[in-house]
Every structure is written in structure tokens, then in C-alpha cells.
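S.K.: fold the following.
(chains A and B, ligands or ions: 2)
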Amino acid sequence: MSTRETAEKRSLWVDHMVRIHTSRDRAAFAELYDHFAPRVKGFLIKSGADASLAEECAQEVMVTVWAKAHLFDASRASVATWIFTIARNRKIDALRKQRRPEPEELTWGPEEEPAQADVIALQQESETLARAIAELPAQQRALLEKAYFGELTHSEIAAQTGLPLGTIKSRIRLALDRLRHAMK
Amino acid sequence: MKNNIKHHLTDQILMGYSAGALPEAFNILVASHLSLCDECRAHLASFDSIGGAVLDSTPGALATLDDDSLAAVMARIENTPTASAPVRPKRRDTTVPAPLCDYIGDDLSGVKWRNIGMGVRQAILPTSSDATARLLFIPAGAAMPDHGHNGTEMTMVLQGAFQDEDGYFARGDVETADADVNHIPVADIREDCICLAVSDAPLRFKGLLPRIVQRFIRI
Ligand SMILES: [Zn+2]
Ligand SMILES: [Zn+2]
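M.R.: Ligands and ions are numbered 1, 2, ... in the order given. The predicted structure follows:
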């Protein structure tokens, strides 16, 4: 798929989220479902769930996407990242049966619509990141996938010198400056 | 938040938190540090983005949905109200980061300390058993018993400060010590030091605490 097509698709998902949020658009939700539900289910299977538990959890994750659509902020995360965090938390809850301590919520000041420029910048940075990951040598990419699909324990992650964290982080500045600015 | 934090979470730990690979005890410390540190919070956003990118584009991990999957979800959202954002109650005393409050209560007054010798006290938090989280109380000017580590130990300062071979650690700072570290943290003379310490393997004490005692106090 060409870069331009991918970029269009990503902004499309943001639009889908807006339509789900503002007008409870079921057609938009169904399209989002077709794309993300098989990915979330696959993520859960790789993390150790059997097919029926993974199906159940994937459905719950997507119901959460619907119920929390108004909390999605396109200036802070891509749609894929937001869904990833929901799926990850569901995984910890359902598979590892643990609480997931979360940091204190930030107070972002009076609630307002995120500036369109911030949304575009964040979505572009997400695109740059996805491309950087896609272009990694196969072995490094495989390691990342293993880490995020729950196939590495935390001590394996800590011991893993082949993880391309520096490479990736030097190629992105994801939201760092803007995030700090927003919290002043 | 205007904390003057100098010692941060490592990339490996942030990635482990993002991937959901850490034991509960470590998650408490990470979430507590993130509550005080905007820099690490922003880094975490980067690591979550990696998770998003991996989820979005790993073709080998696509699963086939059940036949009635979409219909089932459409039926469920029919009856699903909009969920509100989680709201934690406002607290007066903010010495204890919010994620830690979920384990010990609003402030440190309710902590049930146990003496472990030399004036040092500890309280073990209830977590999953794959790692241990405990609060440590080190009197001003006192030293932690000399010890080494079998696994990874992380220590975050909540009050006061301590000094060891690796540097000076004050409120919000996190020291990450691996198996090759042997250290003797000494609390700053100006204030009693209270830390949150997590480890995924028992500590190794040199002499001061016989191993039999170690078993009883679960350090
Ligand atoms: Zn930090
Ligand atoms: Zn230590």
C-alpha cells in the first residue's frame, strides 16, 4: 500500500471516530470493526487467549470503543494506538487477572476541541512511526512484535539488547513538545 | 507539575508497561512515577504508539472473527450507555501518588509498618505474587542494610531523599538496580526517607539479616 493511501486511511479512522462520537454512526462503527476487531482478536490469541476468549474480549474492546468514543483525542493518539491501549488493558484484566495501576489523570484545563493543527501533526507523526517500524530489519521488527504481543516477559524485554528503541525514538518526536506545552 | 526529577524510568521499563508485560508491583511504581513526571508520560505515549503501529500492521496476527461477531457487537452497543472518564476523588495530601492510594489509602498514616532492623521499617503491598512491592521507611541519616539483587529492583522516593553509589535520589526519582548492583542507600539527614521499592526476586543481604529472617519478613 502506498504511503498516501495509508495516510488517507488513518485520517479516515479519525473521521470515523468523530462520526461515532457526534452522531453515533453505526456504519462508521461497522467499518472500524471490520478493520480492528480481527487485529485485536489476533493480538489476544498471540497473548495466550484461546479463540473463544479472544473473540469475547475483542467484542468487549470494540464495545468500549463505542462507549468511550467521546474520550478519544486525536491530538494525543492515533486510533490504532488508542484501541491498542484498550486491548492491552483488557488483556491484563482477562488473561493475567491483575489490576492495572494507571497514572493520575492530567487536568488539561477547560475542555475544548483539540486544535486541527495538533490533530494533523499527531496523525502525521504516527504515520512516520509506522513507516519507521515497517522499514526495520526483519529481526528487529519481529522482536518488537514479540514484545507488544506479549511473547516476551519483562525481564526478557529488559535483557533484550536487539530492540531498536533508540532507532525508533530518534526518528520520532511523538507529541513530546506539545504534550509538555499543554500541561504548563 | 513542577517536580525536579532527575532519575527517570528506563526505556525497557516504559516499554514493558506499555506492552502490559510488567508484574503488578512494577506497574504501581511506574504509574506512581508517571503521575509526577510529564517527561516519562510523554515517552510512554511514544511507546504506546509503537504498540498501535504493531497492532495495526502485523499481517501474521490477523484472526478470523466468528460469523455473528459484528451482529453480536451491534446488539451489545444498542444497550451500552456512554462511559464516563474515571474520576479519582480530590485529595488533600498529595504526598502519595494516586495509583499508590489505591493500595494504601489516602495518606501514609494508615500504613502498618513492621520493623526490619536498624530502625528501618517496611510494609508489603498486596499485589500479584510475581513481584513484590513494599514501602520502606528509613530514618533520617540511617542506612539500608547492605544488599545485592537477584533480579531487578526499582526504588522510587516519596519523601526525603537517599544517597548511594549511583547518586542522590529525591522525591519522584527512581533508581533501577540490576543483579550486578550492590548498594547501601543512606537516607538524607534532613528528613526521614520513605520509598516505594519493587523487586522481582528476593534481595540478597550480606550478613546483617540471616536468610531465615528474610523468609519471615519477605524482603
Ligand atoms: Zn520520569
Ligand atoms: Zn537495592
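
S.K.: where is the longest helix in chain B?
M.R.: Counting residues, the longest helix found in chain B (DSSP state H) is helix B:38-56.

S.K.: so which residue is dead centre in the chain?
M.R.: Answering for chain A, as no chain was given. Nearest to the geometric centre of chain A sits A:Thr81, at 1.3 Å (CA atoms, centre = their mean).

S.K.: actually, chain B is the one I wanted.
M.R.: Nearest to the geometric centre of chain B sits B:Leu29, at 1.3 Å (CA atoms, centre = their mean).

S.K.: which residue packs closest to that residue, ignoring adjacent ones?
M.R.: B:Val198 (4.9 Å; CB to CB, 6 or more residues apart in numbering or on different chains). Every C-beta, even on glycine, is put in place using the N, C-alpha and C of the backbone.

S.K.: hmm, the one you found is touching B:Leu22, no?
M.R.: No - contact status for B:Val198 versus B:Leu22: not in contact, 9.2 Å apart, counting by CB atoms under 8 Å.

S.K.: more neighbours, the two?
M.R.: Applying other CB atoms under 10 Å in any protein chain shown to B:Val198 and B:Leu22 shows that B:Leu22 carries more neighbours, namely 28 against 24.

S.K.: list the contacts for that one?
M.R.: Shown in contact with B:Leu22 (CB atoms under 8 Å, 6 or more residues apart in numbering or on different chains): A:His154, B:Ile13, B:Gly16, B:Val30.

S.K.: what do you get if the cut-off is 10 Å, keeping everything else the same?
M.R.: A:92, A:98, A:100-101, A:153-154, A:157, B:13-16, B:28-30, B:130-131, B:198, B:200 (CB atoms under 10 Å, 6 or more residues apart in numbering or on different chains).

S.K.: lowest-scoring secondary structure element of chain B by mean pLDDT?
M.R.: helix B:211-217 (a mean of 50; mean pLDDT, DSSP states H and E).

S.K.: swap in chain A?
M.R.: Across helices and strands of chain A (mean pLDDT, DSSP H and E), lowest is helix A:176-182: a mean of 48.

S.K.: okay, now B:Phe26: neighbour count?
M.R.: Neighbour number of B:Phe26 under other CB under 10 Å is 24.

S.K.: check which helix or strand it maps to.
M.R.: In this structure, B:Phe26 sits in helix B:24-36 according to DSSP states H and E.

S.K.: over to B:Tyr103?
M.R.: B:Tyr103 belongs to helix B:98-104 when assigned by DSSP H and E.

S.K.: can you name every helix or strand that that helix contacts?
M.R.: Counting by 3 or more CB pairs under 10 Å, 6 or more residues apart in numbering or on different chains; DSSP states H and E, the packing neighbours recorded for helix B:98-104 are helix B:24-36, strand B:132-138, strand B:193-199.

S.K.: next SSE downstream of it?
M.R.: Proceeding N to C from helix B:98-104, the next assigned helix or strand is strand B:114-117, under DSSP H and E.

S.K.: quick check, distance from that next one to the centre of its chain.
M.R.: How far strand B:114-117 lies from its chain's middle: 22 Å, per CA atoms, centre = their mean, to the nearest Å.

S.K.: what about B:Ala98, how many residues close to it?
M.R.: Counted with other CB under 10 Å, the neighbours of B:Ala98 add up to 19.

S.K.: quick check: closest non-adjacent residue to it.
M.R.: A:Glu104 (4.0 Å).

S.K.: could you report the pLDDT at that neighbour?
M.R.: Confidence at A:Glu104, expressed as pLDDT, is 84.

S.K.: B:Phe205 too?
M.R.: 57.

S.K.: then B:Trp113?
M.R.: For B:Trp113, pLDDT reads 94.

S.K.: go on, B:Ala61?
M.R.: The predicted local confidence for B:Ala61 is 81.

S.K.: same question, the one 4 residues further on
M.R.: In the predicted model, B:Leu65 carries a pLDDT score of 94.

S.K.: okay, now it: neighbour count?
M.R.: Around B:Leu65 there are 20 residues (other CB under 10 Å).

S.K.: hang on, the earlier thing: need the helices and strands packed on helix B:98-104 in TSV (columns: distance to ligand 1 and mean pLDDT).
M.R.: Shown next, in TSV, are the helices and strands packed on helix B:98-104 (distance: least, CB to the ion, whole Å; pLDDT from 0 to 100):
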stretch	distance to ligand 1	mean pLDDT
helix B:24-36	6	95
strand B:132-138	18	94
strand B:193-199	14	94
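
S.K.: out of those, nearest to B:Ala71?
M.R.: In terms of CB to CB, the element of those nearest to B:Ala71 is helix B:24-36, at 36.0 Å.

S.K.: and that closest one, how far out from the chain's middle?
M.R.: 4 Å.

S.K.: got it, and stretch A:38-49?
M.R.: Distance, centroid of stretch A:38-49 to centroid of chain: 14 Å (CA atoms, centre = their mean).

S.K.: what does stretch B:154-167 give?
M.R.: Worked out by CA atoms, centre = their mean, stretch B:154-167 lies 14 Å from the chain centre.
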